[in-house]
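> Sequence first, then the predicted structure, then my questions.
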Amino acid sequence: MKLYNTLTRMLDELVPIEGNHVRMYTCGPTVYDYAHIGNYRAYVFEDLLRRYLKYSGYRVTQVMNLTDVDDKTIRGALQSNVSLDDYTRKFKEAFFSDLKALNIEPAEHYPAATAHIPEMIVLIAKLVEKGYAYKSDDGSVYFSIAKFKDYGKLAHLDMSGLRAGARVAQDEYEKESAADFALWKAYDEKDGNVVWDSPWGRGRPGWHIECSAMSMKYLGETFDLHTGGIDNIFPHHEDEIAQSEAATGRPFVNYWMHCAHLVVDGRKMSKSLGNFHTLRDIFARGYSGREVRYVLISAQYSQTLNFSFTALDGARASLARLDEFSDRLADAAGGADGLLSDLPAWAQKAQHGFKTALDNDLNMPEALACIFDMVHEGNRALNSGSTDGKQAAAVLKLLGEFDRVLGLLGKVGSEVNDAVTKLVEERQEARKARNWAESDRLRNEIMKLGWEVKDTPQGPKLKRL
Ligand SMILES: [Zn+2]
């Protein structure tokens with residue numbers, strides 16, 4: 001499998017450090033607000049990567065941090081006049097419910113920054129001891145970028161104009177202001193009651209040190225893959241590399257992958273343009289998690305993705321084609337067990353094409369094209385009756401294999417809400433009791449909610465109206 005590595009700027013062959021075990025770290029949300037659709041593009045890309053690694057036979061250990069202390073979370077808590085903990089809890093819960101709605105597989109670890117302050121202090125102490133960090137007059141601790149000769153290697157910075165000793169205190173800044181950055185921030189009144197003791201006095205960690213401390217705690221001093229959005233390259237990931245490699249004297253991460261921006265209707269998302277969408281807003285317009293997921297995976301991760309409601313309508317139509325094909329195969333298979341060795345030639349071609357596309361830097365547009373070619377060929381074969389039950393079952397199985405990566409078919413899941421599920425269950429009870437009048441009444445209730453229920457030998461199936 002080849003991946004575009006931001007560090008080398010090449011398509012590199014993936015070779016894990018330890019056999020077939022891939023250890024990966026993904027920068028998680030800063031829980032100061034509801035995440036928007038652009039944030040979810042990165043999380044869905046990482047989910048796709050994780051799923052494809054597993055599909056390819058790797059074992060994956062993924063860590064995603066939760067930044068629950070930084071400039072933005074503290075500001076939010078103070079403005080709402082609640083504790084930092086109470087303030088971030090709501091957004092943590094919303095985040096996990098959104099992950100479920102988008103059918104994103106859970107990572108193995110979700111460390112929260114506030115639960116890892118001692119680890120950060122140990123790491124900062126090591127940097128001070130080795131001479132890479134120093135205490136400033138106000139009691140903050142800064143990383144000296146001039147001391148780390150590889151500074152700038154990820155973002156490919158030209159460091160020749162560096163102003164030695166210049167400092168930047170805030171967590172986010174531009175490349176042009178590359179300077180010594182804060183590892184530990186001395187207490188400031190603006191921090192309210194968010195404060196910890198340290199060898200350098202009271203204060204709190206900077207944002208970047210959080211990810212170095214937590215990634216190395218769970219994945220070791222050198223691990224395979226680190227991902228994030230393109231915005232994370234500088235300063236966040238550049239600073240992570242500097243802190244980690246200066247402290248350990250070893251390479252931090254072998255492969256860095258970054259997903260590109262998401263724009264809405266061709267423009268940068270912004271609250272003032274009214275094109276700033278959270279998942280909640282999109283669901284309120286009647287779209288499902290599955291449809292959003294489809295749009296997010298359908299573009300190549302390294303290309304800018306243009307999100308629009310037209311694209312969501314297109315996703316609905318594409319998913320309907322897949323569902324319909326899957327239903328037809330199930331009918332033709334008649335309950336036979338599928339064996340991939342029985343695949344007809346047109347499905348073998350898709351199986352091969354899918355893998356070739358994704359092995360090439362996760363080329364999802366091409367992988368989806370292979371699947372839709374298969375749907376086209378398959379429908380023709382089903383129309384002409386040239387596919388037998390065993391073959392149909394085999395193609396159905398292949399579709400299930402693809403879906404280990406896509407996460408789109410499976411059970412209707414996320415887009416059927418609890419109310420519909422409950423009605424379907426009640427209807428099943430009514431049918432068991434041979435109460436047909438009640439069963440029909442419930443069918444109508446379900447239709448009012450936008451779903452048609454079909455009774456199949458495998459049980460009730462739902463189809464969007
Ligand atoms: Zn991070």
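All right, it came through fine.

> For the stretch 201-350 of the chain, what lies in contact range of the ion?
With CB under 5 Å from the ion as the criterion, the stretch 201-350 of the chain meets the ion at residues C211. Every C-beta, even on glycine, is put in place using the N, C-alpha and C of the backbone.

> so where do the helices sit in the stretch 201-350 of the chain?
Counting by DSSP state H, counting those that start in this stretch, the segments of the stretch 201-350 of the chain that form helices are 207-219, 238-248, 279-284, 289-298, 309-333, 345-359.

> Throw these into TSV and include mean neighbour count, distance to K390 and mean pLDDT, thanks.
Output for the helices of the stretch 201-350 of the chain, formatted as TSV (neighbours: other CB atoms under 10 Å; distance: least, CB to CB, whole Å; pLDDT from 0 to 100):
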stretch	mean neighbour count	distance to K390	mean pLDDT
helix 207-219	24	44	97
helix 238-248	24	52	98
helix 279-284	16	40	91
helix 289-298	24	30	96
helix 309-333	17	8	94
helix 345-359	17	12	98
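
> what number of residues lie near the closest residue to the ion within the stretch 301-450 of the chain?
Closest to the ion within the stretch 301-450 of the chain is Y301: 17.8 Å, counting by CB to the ion. Residues contacting Y301 under the criterion other CB atoms under 10 Å number 24.

> any idea how far it lies from N254?
Distance of Y301 to N254, computed by CB to CB, to the nearest Å: 19 Å.

> do the same with S308
37 Å.

> Give the full set of residues in contact with the residue of the stretch 301-450 of the chain closest to the ion.
45, 48, 257, 259-260, 362, 364 (CB atoms under 8 Å, 6 or more residues apart in numbering).

> Of those residues, which is the nearest to R380?
R380 lies nearest to M364 out of the contacts of Y301, by CB to CB, at 24.8 Å.

> Could you tell me which residues make contact with the closest residue in space to the closest one that isn't next to it in sequence?
Spatial nearest neighbour of M364, chain neighbours left out: I297 (5.5 Å); criterion: CB to CB, 6 or more residues apart in numbering. Counting by CB under 8 Å, 6+ apart, I297 touches 44-45, 48, 364, 406, 408.

> Need the max-distance pair from those residues.
Pairwise over those, using CB to CB, the maximum falls at F45 and L408, 15.0 Å.

> OK, contacts around the nearest residue to P365 once chain neighbours are set aside?
Nearest non-adjacent residue to P365, counting by CB to CB, 6+ apart: Q300, 5.6 Å away. Neighbour list for Q300: 362-365 [criterion: CB under 8 Å, 6+ apart].

> Pull the CA coordinates from stretch 384-393 and hand them back as PDB.
Provided in PDB are the C-alpha atoms of stretch 384-393 (Å, rounded to 0.1, in the frame of the first residue of the first chain):
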ATOM      1  CA  SER A 384     -30.600 -11.600 -18.600                       C
ATOM      2  CA  GLY A 385     -30.800 -14.400 -16.000                       C
ATOM      3  CA  SER A 386     -27.100 -15.300 -16.600                       C
ATOM      4  CA  THR A 387     -26.300 -15.200 -12.900                       C
ATOM      5  CA  ASP A 388     -27.200 -18.200 -10.700                       C
ATOM      6  CA  GLY A 389     -27.900 -18.200  -7.000                       C
ATOM      7  CA  LYS A 390     -24.400 -19.200  -6.000                       C
ATOM      8  CA  GLN A 391     -22.900 -16.300  -8.000                       C
ATOM      9  CA  ALA A 392     -25.400 -13.800  -6.700                       C
ATOM     10  CA  ALA A 393     -24.600 -14.900  -3.100                       C
END
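
> what about the residue positioned nearest the centre of the chain, which helix or strand?
Residue closest to the average C-alpha location in the chain (CA atoms, centre = their mean): Y43, at 1.5 Å. Y43 is part of helix 37-55 when elements are defined by DSSP states H and E.

> what is the mean pLDDT for that helix?
Taken as a whole, helix 37-55 has an average pLDDT of 97.

> same deal with stretch 127-146?
Averaging pLDDT residue by residue across stretch 127-146 gives 96.

> check contacts around the residue in the stretch 51-200 of the chain that the ion sits nearest to.
Closest residue of the stretch 51-200 of the chain to the ion, CB to the ion: N65 (6.1 Å). N65 is in contact with 25, 27-28, 110-113, 210-211, 214-215, counting by CB under 8 Å, 6+ apart.

> among the residues you listed, which two are most distant?
Y25 and A112 (14.7 Å).

> Comparing the two, which shows the higher neighbour count?
A side-by-side neighbour count of Y25 and A112, using other CB under 10 Å, places Y25 first with 29 against 18.
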